[in-house]
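Trainee: Give me the fold of what follows.
(2 chains)
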Amino acid sequence: MIPIGKALIIDDEPHVRKYIGLVLRSIGITTLVEAANGVEGFAAYQREKPDLVLLDVNMPIQDGIETLKQIRTFDSEAVVIMLTSLTTRQTVEEAADQGALHYIRKDTPRDELIVLLKQLLSDEPDDEESA
Amino acid sequence: MPPSGHSITRHMVPNAEEPDLVDLKGSKILLVDDDRLNLRILRGMLKGEDFVLAEADSAEAALALYDEFKPDLVLMDVLLPGMSGFEACRELRKRHGAHAAPLIFITAKQEAESVVEGFNAGGVDYIMKPFRQKEVVARIGTHLEIRLLSEKQRTLVDQLSRANAAKNKFLGMAAHDLRNPLASIRGLSEFLRDGTVGDLTPDQLELINLIHQASQNMVSLVNDLLDVATIEAGELKLALAPVALADIMEKSIAMSAREASRKKTVILFDQCEATPVLTLDADKIRQVVDNLLSNAVKYSPPGSTVSVGLRALPLGAHAISVRDQGKGIPEGERDRLFKDFSRLSVQPTGGEKSTGLGLAICRKIVEAHNGTIVAENLPAGGCEFRVTLPPSSTS
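Mentor: Sure thing, here's the model as predicted:
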């Protein structure tokens, strides 16, 4: 697994941030930063320089795809995993085009989620094919 | 939801207007004849019927009057100066298609052979001269009634399909807004249960387990509802790619093995020698196999054997079969098996839950692959579900 010291979770729902936070802790990520929308999220990215971002797609104020663009423009090496509730092909393709590493559905059972995250983070983050 | 309740869809059908009260009063009838005497006779015969009448003495005049008068029925002479009645009828059909008013031809007895041509031109009936009042009134009444009823039917079908679309949209939204919080409740309760955030007393653990179980059931239900809504809204899109069918089945068996071992049930997999690679939506087909396996385990008594098979059929088709050792499909309930929200009278053997949607979803997925899904009871007891996929499944 690539070394992740700090992760940023951007989602408008507190229970999702808490849950995803616990999942990340269980795979050994100890420093977590949270943001409740895209604008706060991008500001937090610039300030905190996290090694990993978990980014919700549907958010008020500024959606995930727009935030993904900002983050990837600011830092072309940024490792971003999208959080989705409904996976439409369009969202997945858009996210992939903007350089997201992958997407995960929020309703994925916890154990599957942990396996998936471990798998994703063991890949080379620059490998565009894995997106 | 009660374990064996009635289908909830039954209560969702809007009240249909009673169609048996068809009021023909005020119906508009366009009479077309170049013979003034005929027009007068017809007018007299229809006097007592409360129709609104308009008259034209040529096909051309009738066509001009049609758009303004908007008749519910046209009575048209065949032989007219200039354009014939047949031509006028074809013209009306061309202009208004299925919405054209029904047209009854007026023919003379000696023109019997022209009756066929009249039907070919799109006429719905004919009235022979000399007129008999009862016949004229009866034929006009019949066709007005047919028109009115089919209009009502069309409106009703429109209303129903709009209501159904709204229902699907609502279902999708509700499921969407329910699923995330439920997934969080389920996930957070798992962390509590694991002691990740501190140790629990046995009483606390029991409560957490109940919360977890309940949220798990609700996530499954919401997922099923969302599947049905998506499929019915015509948004079932297949992501087709070549995949080894046996791989999908092995993954599915591995996943079901956990639940099976809880009931001391064994899942056996008997696959054909060649490993077929088919073009299909792997996730969706996996969902079908998952569902069939989970049902087989659910409805077989503890300690059973579930047999899964994969066979090559002639002409490149393949069959997936899942056999259980349950009670089989009760007599007379087979036609409900693959319908939305229908649960049969047989109960799961280990207190498991059922939404009554799983097999309906399976059928829709398999049919989207141009395949078939059938179920039959086995002579030795239990039943077999068989999915047949064509050589190259396409949407």
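
Trainee: how about the strand or helix carrying B:Glu60: buried residues?
Mentor: Per DSSP states H and E, B:Glu60 falls inside helix B:59-69. For helix B:59-69, a neighbour-count test (16 or more other C-beta atoms under 10 Å in any protein chain shown) marks B:59, B:61-63, B:65-66, B:69 as buried. C-beta coordinates here come from the backbone N, C-alpha and C atoms, glycine included.

Trainee: Show the pLDDT at B:Ser7.
Mentor: Per-residue confidence (pLDDT) for B:Ser7: 39.

Trainee: ok, back up a step: of the buried residues of helix B:59-69, which is the nearest to chain A?
Mentor: Set against chain A, the nearest of the buried residues of helix B:59-69 by C-beta to the nearest C-beta is B:Tyr66 (47.8 Å).

Trainee: hang on, the earlier thing: got the buried residues of helix B:59-69 as CSV, with pLDDT and distance to B:Tyr299 columns?
Mentor: Output for the buried residues of helix B:59-69, formatted as CSV (pLDDT from 0 to 100; distance: C-beta to C-beta, whole Å):
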residue, pLDDT, distance to B:Tyr299
B:Ala59, 94, 69
B:Ala61, 95, 73
B:Ala62, 95, 68
B:Leu63, 95, 67
B:Leu65, 95, 68
B:Tyr66, 95, 63
B:Phe69, 95, 65
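
Trainee: so which of these comes closest to B:Asn38?
Mentor: B:Ala62 (14.0 Å; C-beta to C-beta).

Trainee: Could you pick out the longest helix of chain B?
Mentor: helix B:133-194 (DSSP state H).

Trainee: I'd like to know which elements that one is packed against.
Mentor: Where contact means 3 or more C-beta pairs under 8 Å, 6 or more residues apart in numbering or on different chains; DSSP states H and E, helix B:133-194 is packed against helix A:14-26, helix A:110-122, helix B:36-45, strand B:73-77, strand B:103-108, strand B:125-129, helix B:202-232.

Trainee: average model confidence for the following helix or strand past the first one?
Mentor: The helix or strand immediately downstream of helix A:14-26 is strand A:31-35, counting by DSSP H and E. In this model, strand A:31-35 has a mean pLDDT of 91.

Trainee: In contact with B:Ala61, which residues?
Mentor: B:Val32 (C-beta atoms under 8 Å, 6 or more residues apart in numbering or on different chains).

Trainee: what's near enough to touch the most centrally placed residue in chain B?
Mentor: The residue lying closest to the centre of chain B (C-alpha atoms, centre = their mean) is B:Glu232, at 8.1 Å. The contact partners of B:Glu232, taken as C-beta under 8 Å, 6+ apart, are B:164, B:168.

Trainee: switch to 7 Å and redo it
Mentor: The contact partners of B:Glu232, by C-beta atoms under 7 Å, 6 or more residues apart in numbering or on different chains, come to B:Asn168.

Trainee: just checking, B:Phe269 touches B:Lys251?
Mentor: No: counting by C-beta atoms under 7 Å, B:Phe269 stays clear of B:Lys251, with 11.3 Å between them.

Trainee: Now do the buried residues in stretch B:91-98.
Mentor: B:91-93.

Trainee: Save these as TSV, and put in secondary structure too.
Mentor: Below are those laid out as TSV (DSSP: H, G, I helix; E, B strand; the rest coil):
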residue	secondary structure
B:Glu91	helix
B:Leu92	helix
B:Arg93	helix
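
Trainee: Dump the residues you listed into JSON lines; add distance to chain A and pLDDT as well.
Mentor: As requested, these are exported to JSON lines (distance: C-beta to the nearest C-beta, whole Å; pLDDT from 0 to 100):
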{"residue": "B:Glu91", "distance to chain A": "47", "pLDDT": "94"}
{"residue": "B:Leu92", "distance to chain A": "46", "pLDDT": "94"}
{"residue": "B:Arg93", "distance to chain A": "43", "pLDDT": "93"}
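
Trainee: Any stretches of the chain with poor pLDDT?
Mentor: Defaulting to chain A. A:1-2, A:86-90, A:123-131 (pLDDT under 70).

Trainee: hm, I was asking about chain B
Mentor: Ranges of chain B meeting pLDDT under 70: B:1-21, B:109, B:340-344, B:350-355, B:392-395.

Trainee: Return the residues of it in contact with chain A.
Mentor: Neighbours of chain A within chain B, by C-beta under 7 Å from any C-beta of the partner chain: B:176, B:179-181, B:183-184, B:187-188, B:190-191, B:196, B:219.

Trainee: What is the most widely separated pair among those residues?
Mentor: B:His176 and B:Thr196 (28.2 Å).

Trainee: So for the two, which sits in the more crowded spot?
Mentor: It is B:His176, of B:His176 and B:Thr196, that has more neighbours when counted by other C-beta atoms under 10 Å in any protein chain shown, with 15 against 12.

Trainee: So the more buried one sits against A:Thr84, correct?
Mentor: No: taking C-beta under 7 Å as the definition, B:His176 is not a contact partner of A:Thr84, at 10.7 Å.

Trainee: Next up, the contacts around the most centrally placed residue in chain A.
Mentor: For chain A, A:Leu54 is the residue whose C-alpha lies nearest the centre (C-alpha atoms, centre = their mean; 1.8 Å). Counting by C-beta under 7 Å, 6+ apart, A:Leu54 touches A:7, A:9-10, A:20, A:81, A:83.
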